[in-house]
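A.B. asks: sequence unknown, structure follows:
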C-alpha cells in the first residue's frame, strides 16, 4: 500500500516533468549545440567550433547591446529597489487605506510586459501622449520627446520597467519589514531614537536577505527583457534600445544568422546562471541548515 501511495503522485507529475525536460532543458541543449554549428536560416549539422562566439564578440551590435544592458540594468535595479523600499516603509507606517494602496502599487505586475510597453509607448509619444496633452492644455513650451531621441530612449525603457516591477519589490520589502523584531524597535524608541535612525540602524540592516532576493529577481528580468523593449521602442531609434535579447532575435530570425543568435543566447544563459545559481545554492544550504 505504501509503494502504491508513492507511485500515484509520481505518475501524476511525470507528464509535466517530461514536458519540462524536453521543452526546456532539451531545447537549451539544442541551442548550445546550434551555437557551435554553421546554421544560418535553418539548423545544420556542419560543425563550426567556436567561430560563432568569436564573430559575436567582434560585432559592434553586440557591444551596443551590452552597453545598453549595463545602463538599463544598473538604473532599473537601483531605482526599483529604492522606490520599492520607500513604498514599503510608507505603507509600514500603518496608514489608512493600506490594502487599497498595496493593490494599486501591485497592479502593474499583473499586466503583461506587452501591455505595459504599449501603454507607455502611447504615453511617451510626442504626437499623442503626455507632450501633446500638456501642449493642448496651454503649456506650449512643454517638450518630452525621449522616446524619439536615440540618446534618451533607453531611459524610457527604464521608466516603464520600474513602473512595472517596483510594486512587486515593495511587497517583498513589506514582508521583510513585518518580520523585523518589534522588541528591538520598541527598545530603540524608549532610548529616544528617531524614526529614521531606527530604520537606518535596526530595520534596514535586517533586510539583507530581501535585498539579495530582489536583486536576483530584477537582474534576471533585466537580462532577459525583450517584450517590453519591442512593445515600447522596437529596439529603436536605430539600435539605441537594443538589448542582448533583441540582438538574439534580430540575428536569429531577421538576419538569418541562427548560430550567432544561439551563441548570444548561450551567453545570456550564462549571465543569468551567474546571478541565479549562487542564490539558489545559498537558499538550499540555508534550508538544509534550518531543517
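C.D. replies: On my side now, so go ahead. Quantities reported herein were computed from a predicted structural model and do not represent experimental measurements. Numbers count the residues shown, from 1 in each chain.

A.B. asks: residue 126 contacts residue 132, correct?
C.D. replies: Yes - in this structure, residue 126 is within contact of residue 132 by C-beta atoms under 8 Å, at 6.5 Å. In this view, the C-beta of every residue, glycine as well, is placed from N, C-alpha and C.

A.B. asks: what about residue 239, helix or strand, and which?
C.D. replies: Assigned by DSSP states H and E, residue 239 belongs to no helix or strand.

A.B. asks: burial measure for the closest residue to it other than its chain neighbours, as a count.
C.D. replies: Spatial nearest neighbour of residue 239, excluding adjacent residues (C-beta to C-beta, 6 or more residues apart in numbering): residue 64 at 5.0 Å. For residue 64, the tally of surrounding residues (other C-beta atoms under 10 Å) stands at 17.

A.B. asks: residue 64 - that's part of a helix, no?
C.D. replies: Yes - counting by DSSP: H, G, I helix; E, B strand; the rest coil, residue 64 is found in a helix.

A.B. asks: how much space between it and residue 244?
C.D. replies: Counting by C-beta to C-beta, to the nearest Å, the gap from residue 64 to residue 244 is 10 Å.

A.B. asks: and what of residue 173?
C.D. replies: With distances taken as C-beta to C-beta, residue 173 is found 29 Å from residue 244.

A.B. asks: looking at the two, which one has more neighbours?
C.D. replies: Between residue 173 and residue 244, residue 173 has the larger neighbour count (other C-beta under 10 Å), namely 24 against 21.

A.B. asks: ok, the residue lying closest to the more buried one once chain neighbours are set aside - contacts?
C.D. replies: Excluding the flanking residues, the one nearest residue 173 by C-beta to C-beta, 6+ apart is residue 88, at 3.6 Å. Residue 88 makes contact with 170, 171, 172, 173, 174, 176, 177, according to C-beta atoms under 8 Å, 6 or more residues apart in numbering.

A.B. asks: doesn't residue 84 make contact with the fourth one?
C.D. replies: Yes - contact criterion C-beta under 8 Å: residue 173 and residue 84 qualify, at 5.5 Å.

A.B. asks: spit out the residues that contact these two alike.
C.D. replies: Listed as contacting both residue 173 and residue 84 by C-beta under 8 Å, 6+ apart are residue 214.

A.B. asks: and the most centrally placed residue in the chain, which of the three is it?
C.D. replies: Computing the C-alpha centroid of the chain and ranking residues by C-alpha atoms, centre = their mean puts residue 221 first, at 1.9 Å. For residue 221, the assignment made with three-state DSSP gives helix.

A.B. asks: try the one 4 residues further on
C.D. replies: Using three-state DSSP, the structure places residue 225 in coil.

A.B. asks: check residue 42 too.
C.D. replies: At residue 42 the chain is in coil, as set by three-state DSSP.

A.B. asks: roughly how far does it sit from residue 88?
C.D. replies: 50 Å.

A.B. asks: hang on, residue 218 packs against residue 172?
C.D. replies: No - if you go by C-beta under 8 Å, residue 218 and residue 172 don't touch, sitting 10.3 Å apart.

A.B. asks: can you give me the strands in the protein?
C.D. replies: Secondary structure of the chain (DSSP state E): no strands located.

A.B. asks: sketch out the low-pLDDT regions of it for me.
C.D. replies: Within the chain, the segments meeting pLDDT under 70 span 1-5, 290-291.
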